[in-house]
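J.: coords please:
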Amino acid sequence: MALAAAPAFAAPAGEELPHEGPDAQDPVIPIKARSGIGEGREANNTASAISGQGFTITANATLASEYRFRGVDLSGGDPAVQGGIDLFHDTGFYAGTFASTLDDETTGYGGLELDFYAGWSGDVAEGLSANLGVIAYTFPDAPEGDFDYLELYGSVGFTLGPAQATVGAAWDVGEDGLQFGGLRRDNLYVYTDLSAGVPGTPVTVNAHLGYTDGAIDFAGESVSFDWSLGADWAIRDTPLVLGVAYVDAADDVAPPGAFNPTSGTILGTLTAYF
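T.: Alright, predicted model coming up:
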């Protein structure tokens, strides 16, 4: 079964990527609106980084049991290999790239997603932060056709003790938009993320709720919900973060017994930060 359009982001809104534990420090890494850019999706990650002239470079690599983007399985139920490089400046501006393996039979977009994003993030008041940017989703080995697309994204984050909340949105602004199930139009994704460090432990508990209005249509009404609940464990004295989450979407897109890319699943990830 092929999805007419792969709903992929690398990092601000709706992607299920790990957060480090309560001891994590800057930099703030805008991991896709994938949650996700995130999306998913931000994550506060302690990473060994190369710095100089106000710039910081970090890298990450992930082995995931599946690639789930906004509740949708883009790896055909198989494990996915993912990674990215991010460049930050002390002023808050950043740029980065994200890559993931795909299942072409599921997405119809080839076997690789390669995303590029840039934006600004920083504090705007005590306990209040903002993140604004743009992301380009590209599919280098997709068949001939119009597969690449852009999204604008933005979010605000609130901090209260060990807890953090983020509210954000990502918008594909093109008039032709994405194409899913024969529907071609723009696509708006809005979401909220909640996370809280467990005091005295390297564990962070995470929750996510997202809503799609546009071309990524599961219910035949141009709308869909996705959600997840999980936890991340930052393994002390290592660059590794182990994550587990339950991920689901509101509507099934396959008959019983067939592969269903929106069925609920337990997602496991192991991420290394460099």
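
J.: contacts, neighbours, all on C-alpha from now
T.: OK.

J.: how many other residues sit next to V247?
T.: Look at V247: counted by other C-alpha atoms under 10 Å, it has 25 neighbours.

J.: secondary structure element holding it?
T.: Taking DSSP states H and E as the criterion, V247 maps to strand 240-249.

J.: tell me the helices and strands packed up against the helix or strand following that strand.
T.: Heading C-terminal from strand 240-249, the first helix or strand you meet, by DSSP H and E, is strand 265-273. When contacts are defined as 3 or more C-alpha pairs under 8 Å, 6 or more residues apart in numbering; DSSP states H and E, strand 265-273 sits against strand 55-64, strand 240-249.

J.: and the contacts of the first one?
T.: The contact list for strand 55-64, computed with C-alpha atoms under 8 Å, 6 or more residues apart in numbering, reads 47-51, 79-90, 267-274.

J.: partner strands of that strand, with direction?
T.: On the basis of DSSP bridges, the sheet neighbours of strand 55-64 come out as strand 50-52 (antiparallel), strand 80-89 (antiparallel), strand 265-273 (antiparallel).

J.: mean neighbour count added to those, as CSV?
T.: What follows is the strands paired with strand 55-64, written out as CSV (neighbours: other C-alpha atoms under 10 Å):
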stretch, mean neighbour count
strand 50-52, 11
strand 80-89, 20
strand 265-273, 19
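
J.: which one of those strands lies nearest to D104?
T.: strand 80-89 (12.5 Å; C-alpha to C-alpha).

J.: what are the bridge partners for the residue nearest to G96 when sequence neighbours are not counted, then?
T.: For G96, ignoring the flanking residues on the chain, the nearest one in space by C-alpha to C-alpha, 6 or more residues apart in numbering is D86 at 4.2 Å. When bridges are taken as DSSP bridges, the partners of D86 come out as T58, G96.

J.: ok, D86 touching T97?
T.: Yes. Counting by C-alpha atoms under 8 Å, D86 does reach T97; the two are 6.6 Å apart.
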